[in-house]
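Visitor: Only the shape, not the letters, is given here:
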Ligand code: TXA
Ligand code: MG
């Protein structure tokens with residue numbers, strides 16, 4: 001299959017191009033498109049055949065449900081049984097935006113889209129291209145992140161091409177996305193809402209609007225044997241080809257530890273890589289050192305993370321060491337993705353207390 005790449009203006013996408021892409025979706029085809037979080041791989045969410053094609057193109061296990069993207073609040077009632085009061089409040093505050101909510105689905109939503117579940121995940125993105133495409137494509141666009149299953153989510157259309165060229169009909173290229181980490185997912189099918197995936201909308205931002213919310217315990221702890229609740233969060237994900245280890249603790253101890261590890265590896269004839277911030281870049285003497293941005297700009301760190309993980313696949317290194325990026329608002333989301341990429345391999349370094 002020849003994958004057509006169509007450039008679109010982020011703010012004012014050409015309606016003719018959008019209509020062309022919408023037609024592909026209505027015919028059951030697949031179109032990758034930019035959202036404010038990451039690029040999505042879109043298909044008609046109410047067409048079982050389209051969802052099957054999405055799983056095939058990504059190489060994704062078919063028990064891992066898709067998110068249906070809508071463009072207006074009226075559309076929500078068309079696919080769910082009921083919308084709890086608290087969900088309405090969250091929608092008023094954060095939709096359109098990087099928030100996904102899970103509800104009981106109605107019969108219009110095929111099980112192929114929900115991975116066999118009776119619930120459905122719904123998101124209303126704010127990106128002008130996404131919005132226009134959803135409207136042109138029938139109003140209900142199922143879209144997982146547009147990467148091959150297991151690879152980092154795409155933040156540029158080039159990443160989508162790397163993974164899916166030849167496997168899908170079209171890519172709408174709207175440049176680099178803004179946020180760079182996938183949406184926050186909140187499950188409204190249980191009594192107390194539960195965060196199944198942290199994202200730009202933090203636990204605190206949710207609590208401010210609806211009060212009590214819990215966090216799925218499987219998300220942040222370092223024990224890989226505790227299984228998270230969102231089916232997709234249990235899979236190996238984002239992992240670069242080289243082994244990744246996170247090193248957390250006092251800055252001086254971290255740089256010393258990483259440098260000594262890199263030296264050992266180089267003595268064995270292996271090349272090592274480092275992921276750090278601008279502030280520490282000069283302190284490392286590994287073969288490859290990549291900065292994720294300044295510690296002052298946590299949104300920049302979030303936006304660059306997946307791109308850096310992808311870039312390391314082009315480097316001839318066997319091991320990568322990363323600093324921890326426990327930033328104030330997006331720290332949970334950033335560390336959740338980094339931990340998954342590292343297969344939960346993390347080393348904590350503590351300063352030894354003197355006079356013991
Ligand atoms: O930001 C985003 O959410 C992006 C853009 C494209 O919108 N999409 C995205 O989709 O990240 P995906 O498929 O890569 O991740 C969806 C996650 C998976 O972990 C999946 O298991 C979970 O949402 N999920 C979807 N439906 C669910 C459901 N009914 N119950 C529990 N988890 C669900
Ligand atoms: Mg994904």
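Guide: Looks like it arrived, so ask away. Here the structure is a predicted model, which means the values were calculated and not measured. Residues are numbered from 1 along each chain as shown. Ligands and ions are numbered 1, 2, ... in the order given.
Visitor: Could you point out which residue ranges in the stretch 251-356 of the chain have low pLDDT?
Guide: 352-356 (pLDDT under 70).
Visitor: Quick one: the strands in it, in order.
Guide: Assigned by DSSP state E, counting those that start in this stretch, the stretch 251-356 of the chain shows strands spanning 272-276, 288-291, 319-323, 346-349.
Visitor: which strands and helices sit next to the second one?
Guide: Think strand 288-291. If you count contacts as 3 or more Cβ pairs under 8 Å, 6 or more residues apart in numbering; DSSP states H and E, strand 288-291 packs onto strand 272-276, helix 298-312. Just so you know, the C-beta spots here come from the backbone N, C-alpha and C atoms, and that holds for glycine as well.
Visitor: Up against ligand 1, what does the stretch 51-200 of the chain have?
Guide: Taking Cβ under 6 Å from any ligand atom as the measure of proximity, the stretch 51-200 of the chain contacts ligand 1 at 64-67, 100, 102, 114, 117, 119-121, 123, 143-145, 182-183, 185, 196.
Visitor: Strands - which of these land there?
Guide: 67, 100, 102, 119, 120, 121, 123, 185, 196 (DSSP state E).
Visitor: Rebuild those residues as a markdown table, extending it with neighbour count.
Guide: A markdown table is the format used below for those (neighbours: other Cβ atoms under 10 Å):
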| residue | neighbour count |
| --- | --- |
| 67 | 25 |
| 100 | 25 |
| 102 | 26 |
| 119 | 18 |
| 120 | 26 |
| 121 | 27 |
| 123 | 25 |
| 185 | 24 |
| 196 | 22 |
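Visitor: Which residue in those residues has the weakest pLDDT?
Guide: The lowest pLDDT within those belongs to residue 196, with 95.
Visitor: contacting residues for that one?
Guide: Contacts for residue 196 (Cβ atoms under 8 Å, 6 or more residues apart in numbering) come out as 102, 185, 186, 187, 216, 219, 228, 229, 230, 233.
Visitor: Surely the fourth one and residue 206 touch.
Guide: Read that as residue 187. No: the criterion here is Cβ atoms under 8 Å, and residue 187 misses it with residue 206 at 11.8 Å.
Visitor: hang on, the earlier thing: and ligand 1, which of the helices and strands packed on strand 288-291 is closest to it?
Guide: Each of these has some distance to ligand 1 by Cβ to the nearest ligand atom; the shortest is helix 298-312, at 11.3 Å.
Visitor: Against which helices or strands is that closest one packed?
Guide: The elements that helix 298-312 packs onto, with contact taken as 3+ Cβ pairs under 8 Å, 6+ apart, are helix 157-164, strand 272-276, strand 288-291, helix 331-341.
Visitor: Show me which residues of that helix are buried.
Guide: With burial defined by 16 or more other Cβ atoms under 10 Å, the residues of helix 298-312 counted as buried are 298-312.
Visitor: Residue 339: which of the helices and strands packed on strand 288-291 is closest?
Guide: helix 298-312 (11.7 Å; Cβ to Cβ).
Visitor: Report whether the closest one contacts ligand 1.
Guide: No: using Cβ under 6 Å from any ligand atom, helix 298-312 stays clear of ligand 1, coming no nearer than 11.3 Å.
Visitor: still on that earlier bit, between the contacts of residue 196, which is nearest ligand 1?
Guide: residue 230 (3.7 Å).
Visitor: Quick check: the residue nearest to the closest one when sequence neighbours are not counted vs residue 13, distance?
Guide: What sits nearest to residue 230 in space, not counting adjacent residues and going by Cβ to Cβ, 6 or more residues apart in numbering, is residue 196, at 3.9 Å. Counting by Cβ to Cβ, to the nearest Å, the gap from residue 196 to residue 13 is 31 Å.
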